[in-house]
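K.L.:
Return a 3D structure for these sequence lines:
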Amino acid sequence: MMAKSIKKIFYSQKGLSLVEMLVAIAIFSLILLGTLQLIKYIYKNYGYAMEQGLSLNDVQRGLKILVNDIRGARQADSGAYAIVSADEFDFIFYADIDKDNITERVHYYLQNQAIKKGITKPSGTPPSYPSEDQTTTTLISHVINTVSQPLFYFYNTNYPADQVNNPLQVPVGSLDAIRMVKVDIYYNLNPYRAPDNVRLESFAEMRNLKDNW
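P.N.:
Numbering: from 1, shown residues only. Coordinates of the predicted model:
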């Protein structure tokens, strides 16, 4: 009797049969496949949006740098006027952008879907500035402004009361009329995928050129 009880316990403690193991593997495979499909769906529909959102933070930081540089526009160390030229996609001015008491010539322009920043420092006595940018860096990439979507808009001291003569016609001929600049960026990490373009705009009042104290 004791032998039969031990034998019964022994058989009851055996592992899964081959059929049960195959069924368990099949169920696990289905669960794994379903999980992978869910991850793929989430990434396809939301992954790119998250990626663009993260890269948008870099664009906002770049825009802040650009606007701060424009706000600090001032007379060059050579005595030249604060603004060199002002066009829809190309803006050159003087400013002490690194706070070293030396006024750099700053050149912002759009090239190959990127906002470039060129910097030139003065040299010699009296100070003079080379005609070409000494250093060039990319400030913001994936900028998709078209010819009908200017990067820069320029305004005189009568804005916003005067909506007829503002923004100023470009290229601006009377550079001493400029008091404010709007930077208008159309951005998309990949224009061929959703979500749609993101537009970021900011105004920069040129503090050292104010005439309405």
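K.L.:
From here on, just use CA atoms for contacts and neighbour counts.
P.N.:
Noted.
K.L.:
low-scoring pLDDT stretches of this structure, where are they?
P.N.:
1-16, 19, 34, 38-54, 193-195, 212-213 (pLDDT under 70).
K.L.:
Where do the helices of it begin and end?
P.N.:
For the chain, helices defined by DSSP state H occupy the ranges 2-12, 18-42, 48-71.
K.L.:
by contact count, what packs against the second one?
P.N.:
I take that to be helix 18-42. Helix 18-42 sits against no helix or strand, with contacts defined as 3 or more CA pairs under 8 Å, 6 or more residues apart in numbering; DSSP states H and E.
K.L.:
quick one: it to chain centroid distance?
P.N.:
Helix 18-42 has its C-alpha centroid displaced from the chain centroid by 41 Å (CA atoms, centre = their mean, to the nearest Å).
K.L.:
any idea of the angle that helix forms with helix 48-71?
P.N.:
30 degrees (axes from the mean of the first three to the mean of the last three CA atoms, to 10 degrees).
K.L.:
for the one residue sitting closest to the centre of the chain, what are its contacts?
P.N.:
The residue lying closest to the centre of the chain (CA atoms, centre = their mean) is Val59, at 1.7 Å. Val59 is in contact with Ile140, Ser141, counting by CA atoms under 8 Å, 6 or more residues apart in numbering.
K.L.:
so how many other residues sit close to Leu151?
P.N.:
Under the neighbour criterion other CA atoms under 10 Å, Leu151 is assigned a count of 24.
K.L.:
roughly how far apart are the closest residue in space to Ile178 that isn't next to it in sequence and Pro150?
P.N.:
Distances taken as CA to CA, 6 or more residues apart in numbering put Asn156 closest to Ile178, at 4.8 Å, once the chain neighbours are dropped. For Asn156, the distance to Pro150 (CA to CA, to the nearest Å) stands at 17 Å.
K.L.:
Please apply the same query to Asp100.
P.N.:
32 Å.
K.L.:
Tell me which of these two has more neighbours.
P.N.:
Comparing Asp100 with Pro150 by neighbour count (other CA under 10 Å), the higher total belongs to Pro150, at 18 against 8.
K.L.:
Quick check on the closest residue to that one other than its chain neighbours: phi, psi?
P.N.:
Using CA to CA, 6+ apart and skipping residues adjacent in sequence, the residue nearest Pro150 is Glu88, 5.0 Å away. Note on Glu88: its backbone torsions stand at phi -60, psi -40 [degrees, to the nearest 10].
K.L.:
Also the one 10 residues further on?
P.N.:
Its backbone dihedrals place Asp98 at phi -110, psi 10, with angles given as degrees, to the nearest 10.
K.L.:
Quick one: residues contacting it.
P.N.:
Asp98 neighbours (CA under 8 Å, 6+ apart): none.
K.L.:
likewise the one 5 residues further on?
P.N.:
Residues in contact with Thr103, defined by CA under 8 Å, 6+ apart, are Arg74, Gln75, Ala76, Asp77, Tyr94, Ala95, Asp96, Ile97, Lys121, Pro122.
K.L.:
I am finished for the moment; much appreciated.
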